[in-house]
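In: quick one, what's the 3D model for this:
(one chain, ligands or ions: 1)
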Amino acid sequence: MTSQDVYPTDMQSSQPDSAPAAEAAASAFVAYLRHLHQTYLPLREGRVANYIPELAKMNSDWFSICVATVDGQVYEVGDSSQTFTLQSISKVFVHGLALEDHGRDYLLTRVGVEPTGEAFNAIILDERSKRPYNPMVNAGAIATTSLIKGSGPTERLNRMLSMFRRYIGHDIFVDMPTFLSERVTGHRNRGMAHLMLNFGMIDPPLDEALDLYFQQCSVLVNCRDLAIMAATLANHGINPLTGEQAVNPCYIRDMLSVMYTCGMYNFAGEWAYTVGIPAKSGVCGGIIAVVPHQFAIAVFSPPLDERGNSVRGVKVCEEISQHYDLHLFDSSMGCQTFLQRLTQPGERF
Ligand code: GLN
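Out: Below is the predicted model of the structure:
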């Protein structure tokens, strides 16, 4: 075990007689995560995003993997306290807030749920409806963000930060250099916003909507935070550590469905086919993957492939999904869940 490996935080509270078995299973699982970390750390493929100048400062060797279960166990290896910005991962959670603010039917009149097959920053709208295709690509996310309720920019930002705080379980902040860097260079996003304004899909003032979008992308987190946020989605919207309801559970289905079909951009189809669980990536190099009712995986590693997904992140999720038969349509695990396997004394990872 390295100094950066962390065993689940609730191990101390285990019953005395079950503690050794649970600890053995936990240490086997951490060893498995460490093995994945060691296997993929030397991988030198991909490039750190540089179209937002602040992001180019990230180190290509930063790499962490965290798993959080719906019953509050957290397993972490690597640089799990290294901070980075949420970027597109924020889109999942803001989608949830917009659903709470307006309901499913209204939201569907403004943003679709159809994958684009195009890059995340493509300047395209659905030709027929004039809606952006889905809330996981930039155009759709800007439209979704523009719908967040509040009496002015400060109230809207505060409502958004409170929403993120419920998922993460502690106060969070916008990284000012990243926000300014996005704002100065975000002409493409500005172009999309104008196109949507032209078709009545978003309302003025555009600068406020864009600022809020740049702010949500610039929220600072670490890999452990990401895992808790994603585990909250796996746990009917209840943060597994604080017990707080982060989002109305009736919208989890909407959020996860769109993540499943659109969360990995123009890799979404292949991801759904091979990995088979809802996921979302961001140009910071983060990926979250959610196994409903069980647990969530978060990986952080900045080098990206040409579609904007973390190279190491994709590999790690592919491996974990295969190892545990996590594909939603794979029945080979039968009735045995990941959580049952995780607590089985004889389990070998
Ligand atoms: N802030 C980034 C952008 O708007 C988010 C994109 C991403 O993470 N894919 O371009």
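In: hang on, residue 143 packs against residue 112?
Out: No - counting by C-beta atoms under 8 Å, residue 112 is not a contact partner of residue 143; they are 9.8 Å apart. For glycine as for every other residue, the C-beta is placed from the backbone atoms N, C-alpha and C.
In: got any residues that touch both of the two?
Out: Overlap of the contact sets of residue 143 and residue 112 (by C-beta atoms under 8 Å, 6 or more residues apart in numbering) consists of 131-132.
In: compare the two (neighbour count), which wins?
Out: residue 143 (25 against 21; other C-beta atoms under 10 Å).
In: helix or strand: which one has that one?
Out: For residue 143, the host element (DSSP states H and E) is helix 138-146.
In: name the helices or strands packed onto that helix?
Out: Judged by 3 or more C-beta pairs under 8 Å, 6 or more residues apart in numbering; DSSP states H and E, the packing partners of helix 138-146 are helix 90-102, helix 104-110, helix 187-198, helix 206-217.
In: for residue 234, find the nearest of the ones you listed.
Out: helix 90-102 (12.5 Å; C-beta to C-beta).
In: the closest one and the ligand, are they touching?
Out: No - Helix 90-102 does not reach the ligand (C-beta under 6 Å from any ligand atom); its nearest approach is 8.1 Å.
In: now do the buried residues in that helix.
Out: 90-100, 102 (16 or more other C-beta atoms under 10 Å).
In: go on, stretch 263-273?
Out: 263-268, 271-272.
In: so which of these is the closest to residue 174?
Out: Nearest to residue 174 among the buried residues of stretch 263-273 is residue 263, at 22.7 Å by C-beta to C-beta.
In: and the closest one, how close does it get to the ligand?
Out: As judged by C-beta to the nearest ligand atom, to the nearest Å, residue 263 and the ligand stand 11 Å apart.
In: now do residue 25
Out: 35 Å.
In: likewise for residue 232?
Out: Distance, residue 232 to the ligand, using C-beta to the nearest ligand atom: 20 Å.
In: write out the residues of the stretch 1-150 of the chain neighbouring the ligand.
Out: 87-88, 120-121, 138.
In: how about TSV for those, with secondary structure, neighbour count and distance to residue 163 added?
Out: Output for these, formatted as TSV (DSSP: H, G, I helix; E, B strand; the rest coil; neighbours: other C-beta atoms under 10 Å; distance: C-beta to C-beta, whole Å):
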residue	secondary structure	neighbour count	distance to residue 163
87	helix	25	17
88	helix	24	16
120	coil	24	22
121	coil	17	24
138	helix	22	20
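In: mind picking the two most distant members of the residues you listed?
Out: Checked with C-beta to C-beta, these reach their widest spread between 87 and 121, with 11.7 Å between them.
In: how many residues are close by residue 44?
Out: Residue 44: 9 surrounding residues under other C-beta under 10 Å.
In: can you check the one 5 residues further on too?
Out: Applying other C-beta under 10 Å, we find 20 other residues in the vicinity of residue 49.
In: point out where the stretch 151-300 of the chain drops to low pLDDT.
Out: Within the stretch 151-300 of the chain, no range satisfies pLDDT under 70.
In: re earlier: reformat the buried residues of helix 90-102 as TSV; add pLDDT.
Out: Converted to TSV, the buried residues of helix 90-102 look like this (pLDDT from 0 to 100):
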residue	pLDDT
90	98
91	98
92	98
93	98
94	98
95	98
96	98
97	98
98	98
99	98
100	98
102	98
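In: quick check: the farthest pair among those?
Out: Greatest spatial distance in the buried residues of helix 90-102: 90 and 102, 18.1 Å, computed using C-beta to C-beta.
In: and the longest helix for this structure?
Out: helix 19-40 (DSSP state H).
In: what average pLDDT does it get?
Out: What helix 19-40 shows for mean pLDDT is 91.
In: report the buried residues of that helix.
Out: Buried-residue list, helix 19-40, by 16+ other C-beta under 10 Å: 22, 25-30, 32-34, 36-37, 40.
In: and which of those residues is nearest the ligand?
Out: The ligand lies nearest to residue 40 out of the buried residues of helix 19-40, by C-beta to the nearest ligand atom, at 20.8 Å.
In: what about the closest residue to that closest one other than its chain neighbours, how many residues nearby?
Out: Closest residue in space to residue 40, ignoring its immediate chain neighbours: residue 312 at 4.6 Å, by C-beta to C-beta, 6 or more residues apart in numbering. Look at residue 312: counted by other C-beta under 10 Å, it has 28 neighbours.
In: and residue 312, what is it in contact with?
Out: Applying C-beta under 8 Å, 6+ apart, the residues near residue 312 are 40-41, 43, 46, 63, 299, 301, 303.
In: kindly report the same for residue 284.
Out: Each residue near residue 284 by C-beta under 8 Å, 6+ apart is listed here: 49, 55, 58, 84-87, 89, 300, 302.
In: wait, a helix at residue 268?
Out: Yes - under DSSP: H, G, I helix; E, B strand; the rest coil, residue 268 sits within a helix.
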